[in-house]
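Enquirer: Here you go, sequence then predicted model.
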Amino acid sequence: EHQAALDRGIESINAMIEAAKSAAPNPYCVIFGGPVLLPQDTAQVYQRTEALGYLGGSAVERFPTAAAVTQTVREFRHVSRAGRKTNRLGALIGTSPAMQQVFETIRSVAASDAAVLILGESGTGKELAAREIHRLSHLHSKPLVSWNCGAMTESLAMSELFGHERGAFTGATRAHSGRFELADGGTLFMDEVTDLPGSVQASILRVLQEKEIVRVGGEKTIGVNVRLVAASNKDFRELIPNGRFRLDLYYRLSTVVLRMPPLRERQDDIPFLVWELAQEFSQKYGCAAPRIPDSSMGALARHPWPGNIRELRNVVERVFLLGRGKSFSRAWFEEMFAADRAVGEKLAPVVPPLLSLAARREKLQESLARHGGNKTAAARELGVTRKTIHKWLKH
């Protein structure tokens, strides 16, 4: 019932936005009220409408309506001074040139069925971009299935992607539809696709070529028609030469490459993002969105943000809990940044020096001796592929 009410509310919002567009070419739309009760409800409003701001649900009940409206409009005018550029595409936010390029690419590619490869550091919004590609496409009424490929064994990845039949392996008490089947007719988003084992990469390539799958333990072919959107935070220029990712699959996935910029390359967007997060946490914690002094915003703009928007979200939520509606303090931010830097320095991995070919061959011979000449076991221990092992042995 709640989702049905939310769906009706979103339909009303879209109708009002269309009416506003007929009156003015580029209206700024802020929505008040409606059946939004949970943080994920707000996310749906932004993903399924073109609203540029929202205040509703319990926030309207906690604060005098006039004061809430006045504060929201004042803050909204502040962040919309950047001009007439669209500062939002669904849940993606930004007026920086980098984000405007992202918006343009998403709008262009959404109209096609082309495979899209989204590249970017952790926390830059790769999944949000995938959701916008699906939302703006002609497949928007079909399923969007998301799957994270990280830390998957070969057998588990095959079962998750292609499904399995009853009795295919111990514990398979019933037939299971894989992600390709679930996404049939729609979009399959595969995050951290570079983590997939090589044999699974080969199977995905066959599916993309033949548009059919066979479940694990089955014999029947099942036709699937899926638009594939993949993402990774790793560098293919390093993975492909080392044999860790198939070049032919890369070509299949990268018809269009979309790069999500890190936050340090789009510092002009930080005020927009902070304001947006402040509104969200105002609803979540039941306190008015605090004033954000220029000194505090300056401290945020100077921070390098290694964790990108995920780190920014964490920081804003922490100061919300500390202040409970009080004005953001620059000292709070600087203290948190110092603590995070200290933790990061202690946890930073020690990068081993590059080994010469002779040293690599020596390590390989030691590993082969330990594993009785088993090249597969040696490759697993050394973190390389069998193909790399053969290269080392030839030179």
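Expert: Structure's in. What do you need?

Enquirer: wait, isn't Gly243 in contact with Thr388?
Expert: Yes. In this structure, Gly243 is within contact of Thr388 by CB atoms under 8 Å, at 5.3 Å. To be clear about C-beta, it is placed using only N, CA and C from the backbone, and glycine gets the same treatment.

Enquirer: Let me see the domain layout of this protein.
Expert: Taking automatic domain parsing as the criterion, the chain consists of the domains 1-93, 97-259, 265-348, 357-388.

Enquirer: Next, format these as TSV and append mean neighbour count, mean pLDDT and distance to Lys394.
Expert: As requested, the domains of the chain are exported to TSV (neighbours: other CB atoms under 10 Å; pLDDT from 0 to 100; distance: least, CB to CB, whole Å):
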stretch	mean neighbour count	mean pLDDT	distance to Lys394
domain 1-93	15	65	48
domain 97-259	18	93	14
domain 265-348	17	77	36
domain 357-388	14	72	10
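
Enquirer: Which stretches in the stretch 201-350 of the chain count as helices?
Expert: Listed in chain order, the helices of the stretch 201-350 of the chain (DSSP state H, counting those that start in this stretch) span 236-239, 247-253, 270-285, 294-302, 308-323, 330-347.

Enquirer: now those helices as TSV including distance to Thr105?
Expert: As requested, these are exported to TSV (distance: least, CB to CB, whole Å):
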stretch	distance to Thr105
helix 236-239	18
helix 247-253	16
helix 270-285	19
helix 294-302	25
helix 308-323	18
helix 330-347	32
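
Enquirer: For Thr95, find the nearest of the ones you listed.
Expert: Nearest to Thr95 among the helices of the stretch 201-350 of the chain is helix 270-285; the distance by CB to CB comes to 6.8 Å.

Enquirer: quick one: the longest helix anywhere in the chain to chain centroid distance?
Expert: Using DSSP state H to define each element, the chain has its longest helix at helix 2-23. With CA atoms, centre = their mean, to the nearest Å as the basis, helix 2-23 stands 26 Å off its chain's centre.

Enquirer: Likewise for stretch 261-279?
Expert: Its chain's C-alpha centre lies 16 Å from the corresponding centre of stretch 261-279 when counted by CA atoms, centre = their mean.

Enquirer: what does stretch 137-148 give?
Expert: That offset, for stretch 137-148, works out to 14 Å (CA atoms, centre = their mean).

Enquirer: Name the residues that touch that stretch?
Expert: Contact partners of stretch 137-148, identified using CB atoms under 8 Å, 6 or more residues apart in numbering, comprise 110-111, 127, 130-131, 134, 160-161, 179, 182-192, 227.

Enquirer: what's the answer for stretch 298-317, then?
Expert: With CB under 8 Å, 6+ apart, stretch 298-317 has contacts from 121-125, 262-264, 267, 270, 273-274, 277-278, 281, 330, 333-334, 336-337, 340, 344.

Enquirer: Next, the residue sitting nearest the centre point of the chain: secondary structure please.
Expert: Nearest to the mean C-alpha position of the chain, counting by CA atoms, centre = their mean, stands Glu127 at 2.6 Å. Following DSSP: H, G, I helix; E, B strand; the rest coil, the label given to Glu127 is helix.

Enquirer: same check, this time on the one 10 residues further on
Expert: Of the three states, Ser137 takes coil according to three-state DSSP.

Enquirer: Any figure for the gap between it and Gly150?
Expert: 26 Å (CB to CB, to the nearest Å).

Enquirer: Asn14 too?
Expert: 35 Å.

Enquirer: For the closest residue to Gly167 other than its chain neighbours, give me its contacts.
Expert: For Gly167, ignoring the flanking residues on the chain, the nearest one in space by CB to CB, 6 or more residues apart in numbering is Gly217 at 6.6 Å. By CB under 8 Å, 6+ apart, the contact list for Gly217 reads His164, Glu165, Arg166, Gly167, Ala168, Phe169, Ala172.

Enquirer: go again using 7 Å as the cut-off
Expert: If a contact means CB atoms under 7 Å, 6 or more residues apart in numbering, then Gly217 has His164, Glu165, Gly167, Ala168, Phe169 as its contacts.

Enquirer: which ones are touching the residue nearest to the centre of the chain?
Expert: Residues near Glu127 by CB under 7 Å, 6+ apart: Ser146, Phe189, Asp191.

Enquirer: ok, now with 8 Å
Expert: Contacts of Glu127 (CB under 8 Å, 6+ apart): Ser146, Phe189, Asp191, Ala231.

Enquirer: Now render the contacts of Gly217 as TSV, adding distance to Arg313 and secondary structure.
Expert: Listed next are the contacts of Gly217 as TSV, based on distance: CB to CB, whole Å; DSSP: H, G, I helix; E, B strand; the rest coil:
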residue	distance to Arg313	secondary structure
His164	37	strand
Glu165	42	coil
Gly167	45	coil
Ala168	41	coil
Phe169	40	coil
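
Enquirer: quick one: Ala183 from Ile240, how far?
Expert: Applying CB to CB to Ala183 and Ile240 gives a distance of 26 Å.

Enquirer: I meant to write Asn308 there.
Expert: Asn308 is 25 Å from Ile240, where distance means CB to CB.

Enquirer: That's all I had, so thanks and see you.
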